[in-house]
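Enquirer: Predicted model and sequence below, questions to follow.
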Amino acid sequence: MLPPFLIDQLSRPKGKFAPITALLLNGVNARTILGGISALDLRPGHRAVDVGFGGGLSIPLLLRAVTKQGHVFALETSDEMLARAKRRFIVPRLQGRLRVEKAYVESLPLGDASYDAVMSLNTIPFWTDVDDGMRELARVLVPGGRLVLGIADPDELTRAGFAAHGHRIVEPEKLGELLPRYGLEMLEIRRTAHETALLVVVKPRRG
């Protein structure tokens with residue numbers, strides 16, 4: 001079981017240990033991030049959302065995937081991770097290719113059907129409300145757009161102490177069964193390192 005201090009840091013890096021936590025998040029999640037971006041099937045000019053970018057490894061990879069014609073909106077709740085990303089990625093921000101902002105998945109500051117792809121990896125345990133978060137992700141997706149949700153192995157999270165510390169444990173298959181409630185459809189479930197499940201989801205075109 002992880003110590004409560006470390007669980008707090010992983011959920012929202014802060015203080016003098018934030019830079020170390022950022023490196024840890026990037027290292028542990030590297031394969032999941034690569035798998036998640038691959039599953040988004042991004043094309044040049046696409047607009048992509050990254051919910052909870054953590055250490056920031058995903059940001060340059062998303063920017064490369066959408067090319068200079070595309071756009072990335074990267075959101076976080078950690079002030080330290082936000083400041084770090086704003087310093088590191090100042091050039092694409094000034095170019096208008098990247099928007100880095102403090103925001104919450106339950107109330108995204110984005111228009112309806114405004115983005116082609118959304119990615120959220122290992123963040124659901126820290127959401128305030130899953131229903132609100134899922135509805136928001138579906139709302140901002142264009143019809144035909146993809147959503148990739150990374151969900152860590154529930155047993156591993158429980159053994160690590162996340163549930164005991166008050167964080168939500170989600171079963172990938174059970175969340176998949178709820179997708180129609182949000183106007184979404186499952187394409188497939190992929191498995192990455194450490195048995196992380198990647199739910200590859202689409203917002204159907206109507207009519």
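Expert: Nice, I can see it.
Enquirer: C-alpha from now on. contacts and neighbour counts both.
Expert: Fine.
Enquirer: Could you export the lengthiest strand in the chain as PDB, CA atoms only?
Expert: As assigned by DSSP state E, the longest strand anywhere in the chain is strand 141-151. Below are the C-alpha coordinates for strand 141-151, written out as PDB (Å, rounded to 0.1, in the frame of the first residue of the first chain):
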ATOM      1  CA  LEU A 141     -16.700  15.800 -29.200                       C
ATOM      2  CA  VAL A 142     -17.700  16.200 -32.900                       C
ATOM      3  CA  PRO A 143     -19.900  13.500 -34.300                       C
ATOM      4  CA  GLY A 144     -17.600  10.700 -35.400                       C
ATOM      5  CA  GLY A 145     -14.900  11.900 -32.900                       C
ATOM      6  CA  ARG A 146     -13.000   9.500 -30.700                       C
ATOM      7  CA  LEU A 147     -12.600   9.400 -26.900                       C
ATOM      8  CA  VAL A 148      -9.900   7.300 -25.300                       C
ATOM      9  CA  LEU A 149     -10.200   6.600 -21.500                       C
ATOM     10  CA  GLY A 150      -7.300   5.000 -19.700                       C
ATOM     11  CA  ILE A 151      -8.300   3.000 -16.700                       C
END
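Enquirer: Using neighbour counts, pick out the buried residues of whichever helix or strand comes after it.
Expert: Moving toward the C-terminus from strand 141-151, the next helix or strand (DSSP states H and E) is helix 154-160. Buried residues in helix 154-160, counting neighbours by 16 or more other C-alpha atoms under 10 Å, are found at 154, 157, 158, 160.
Enquirer: quick check, nearest of the residues you listed to residue 75?
Expert: residue 157 (23.4 Å; C-alpha to C-alpha).
Enquirer: Please, where are all the strands along the protein?
Expert: For the chain, the strands defined by DSSP E occupy 47-51, 71-76, 98-102, 115-121, 141-151, 185-191, 197-202.
Enquirer: quick one: which of the ones you listed is nearest residue 8?
Expert: Proximity to residue 8 (C-alpha to C-alpha) singles out strand 71-76 among the strands of the chain, at 14.9 Å.
Enquirer: can I get the strands of the chain in JSON lines with mean pLDDT and distance to residue 61?
Expert: Below are those laid out as JSON lines (pLDDT from 0 to 100; distance: least, C-alpha to C-alpha, whole Å):
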{"stretch": "strand 47-51", "mean pLDDT": "98", "distance to residue 61": "11"}
{"stretch": "strand 71-76", "mean pLDDT": "98", "distance to residue 61": "10"}
{"stretch": "strand 98-102", "mean pLDDT": "98", "distance to residue 61": "12"}
{"stretch": "strand 115-121", "mean pLDDT": "97", "distance to residue 61": "12"}
{"stretch": "strand 141-151", "mean pLDDT": "97", "distance to residue 61": "15"}
{"stretch": "strand 185-191", "mean pLDDT": "95", "distance to residue 61": "20"}
{"stretch": "strand 197-202", "mean pLDDT": "97", "distance to residue 61": "17"}
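Enquirer: In JSON lines, list these along with distance to residue 33 and mean neighbour count.
Expert: Listed next are those as JSON lines, based on distance: least, C-alpha to C-alpha, whole Å; neighbours: other C-alpha atoms under 10 Å:
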{"stretch": "strand 47-51", "distance to residue 33": "11", "mean neighbour count": "26"}
{"stretch": "strand 71-76", "distance to residue 33": "14", "mean neighbour count": "24"}
{"stretch": "strand 98-102", "distance to residue 33": "18", "mean neighbour count": "19"}
{"stretch": "strand 115-121", "distance to residue 33": "7", "mean neighbour count": "24"}
{"stretch": "strand 141-151", "distance to residue 33": "9", "mean neighbour count": "24"}
{"stretch": "strand 185-191", "distance to residue 33": "12", "mean neighbour count": "16"}
{"stretch": "strand 197-202", "distance to residue 33": "10", "mean neighbour count": "24"}
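Enquirer: Fine by me, thanks again.
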